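Asks: have a look at this fold, sequence not included:
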């Protein structure tokens, strides 16, 4: 998802909150089974190491409609990852409100990707984006989630890489999933 615009980190602390946001975002989007690890030692969306199932869309048993739903579902996940990354950094790390400039930047990146990868029109991207954006904004406004993201980002900085089991254990200990 337009990584150059969205995932430009100021420093490693900023990156750790972005990755923490993406890890939680995957859980919220019910896609937690699609990653194997998160790491600070990669760039952009490669900070999330996905399972092969995330990338495989060529199931010959899927109808064209089923394949389209699969592709659209993965598009929704990529939108969610970018939004979770940006909102966790802005709302939790910076303790700032989300302004229209950030929202518009995220929407434009989502639209560009939707147009390029799914041939979606603006009016088709809007409901997907609005739903994800509203969900993530509510999520990162929660004081409990904010404290959890602080703890998760700290653990990620200390350990550099957390596998899927580690992520789930931390989230369960922090009581956010």
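Replies: Now that the structure is in, tell me what you want to look at. Every value quoted in this text rests on a predicted model; they were computed, and no experiment measured them.
Asks: next secondary structure element downstream of the strand or helix carrying residue 158?
Replies: Using DSSP states H and E, residue 158 sits in helix 143-159. As assigned by DSSP H and E, the chain's next helix or strand after helix 143-159 is strand 161-163.
Asks: where's residue 84 relative to residue 102, distance?
Replies: Going from residue 84 to residue 102 by Cβ to Cβ, to the nearest Å gives 13 Å. Glycine gets a C-beta too; all of them are placed from N, C-alpha and C.
Asks: would you mind listing the buried residues in stretch 130-138?
Replies: Across stretch 130-138, burial judged by 16 or more other Cβ atoms under 10 Å covers 132-133, 135-137.
Asks: off-centre distance for it?
Replies: Taking the mean of its C-alpha atoms, stretch 130-138 sits 12 Å from the chain's own mean (Cα atoms, centre = their mean, to the nearest Å).
Asks: show me what the helix or strand harbouring residue 25 is packed against.
Replies: If you go by DSSP H and E, residue 25 is part of helix 12-28. Where contact means 3 or more Cβ pairs under 8 Å, 6 or more residues apart in numbering; DSSP states H and E, helix 12-28 is packed against strand 35-39, strand 48-50, helix 64-87, helix 122-141, helix 143-159, helix 164-173.
Asks: can we see that at 6 Å?
Replies: Applying 3 or more Cβ pairs under 6 Å, 6 or more residues apart in numbering; DSSP states H and E, one finds that helix 12-28 makes contact with strand 35-39, helix 64-87, helix 143-159.
Asks: so can I have a markdown table of the ones you listed showing mean neighbour count, distance to residue 173 and mean pLDDT?
Replies: What follows is the helices and strands packed on helix 12-28, written out as a markdown table (neighbours: other Cβ atoms under 10 Å; distance: least, Cβ to Cβ, whole Å; pLDDT from 0 to 100):
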| stretch | mean neighbour count | distance to residue 173 | mean pLDDT |
| --- | --- | --- | --- |
| strand 35-39 | 18 | 16 | 95 |
| helix 64-87 | 19 | 20 | 90 |
| helix 143-159 | 17 | 8 | 95 |
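Asks: I'd like these laid out as JSON lines, including distance to residue 22.
Replies: What follows is the helices and strands packed on helix 12-28, written out as JSON lines (distance: least, Cβ to Cβ, whole Å):
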{"stretch": "strand 35-39", "distance to residue 22": "7"}
{"stretch": "helix 64-87", "distance to residue 22": "5"}
{"stretch": "helix 143-159", "distance to residue 22": "11"}
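Asks: residue 18: which of those is closest?
Replies: Set against residue 18 and scored by Cβ to Cβ, those come closest in helix 64-87, at 4.2 Å.
Asks: right, I'll call it a day here.
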